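>>> What would the 3D arrangement of this be:
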Amino acid sequence: MKKVFLGMLLTALGFGTMSFGSNDITKASIDNQEGIEVVFGPTYTAPWLGVCCESPLTAVERDLANRGYPATTQYIIKSATSNTVTYTVN
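Numbering: from 1, shown residues only. Coordinates of the predicted model:
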């Protein structure tokens with residue numbers, strides 16, 4: 001039993017210390033990249049009641065539905081005050 005355990009341990013350690021030269025692959029991939037363009041959609045401000053039981057997410061999702069966006073629309077919340085939520089559609 002000890003020999004089997006030691007054999008498995010040595011095998012695991014051997015795989016952990018193997019080098020595949022991934023640094024060279026990563027460097028080549030990074031060197032070949034050009035600029036990345038990040039595009040964001042429009043920014044909206046939605047009314048929010050700001051009460052203790054309502055999340056700003058609820059206000060944003062309700063506003064997106066009112067604007068005709070699908071439920072799977074992704075967005076980023078930029079700011080939230082006591083009565084508005086500002087978000088950007090991705």
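>>> Where do the strands of the chain begin and end?
Here the chain has its strands, by DSSP state E, at 43-47, 75-80, 84-89.
>>> Can you find the helix or strand in this structure with the smallest mean pLDDT?
helix 22-31 (a mean of 52; mean pLDDT, DSSP states H and E).
>>> got a markdown table for the strands of the chain, with mean neighbour count, distance to residue 4 and mean pLDDT too?
(C-beta placed from N, C-alpha, C; glycine too.) Putting the strands of the chain into a markdown table (neighbours: other CB atoms under 10 Å; distance: least, CB to CB, whole Å; pLDDT from 0 to 100) gives the following:
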| stretch | mean neighbour count | distance to residue 4 | mean pLDDT |
| --- | --- | --- | --- |
| strand 43-47 | 15 | 62 | 93 |
| strand 75-80 | 14 | 53 | 93 |
| strand 84-89 | 18 | 57 | 94 |
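>>> So which of those strands is nearest residue 62?
Closest to residue 62 of those is strand 43-47 (CB to CB; 7.3 Å).
>>> Can you give me the domain boundaries for this structure?
Domains of the chain are assigned by automatic domain parsing as 2-31, 43-89.
>>> How far does the longest one stretch from one end to the other?
Taking CA to CA, to the nearest Å as the measure, domain 43-89 stretches 6 Å from start to finish.
>>> ditto for stretch 42-50
So stretch 42-50: terminal residues 23 Å apart, CA to CA.
>>> what residues does that stretch touch?
54, 56, 59-60, 62-63, 67, 78, 80-89 (CB atoms under 8 Å, 6 or more residues apart in numbering).
>>> Check the gap between the closest residue to residue 90 other than its chain neighbours and residue 3 for me.
Using CB to CB, 6 or more residues apart in numbering and skipping the chain neighbours, the partner closest in space to residue 90 is residue 74 (4.3 Å). Separation of residue 74 from residue 3 (CB to CB, to the nearest Å): 54 Å.
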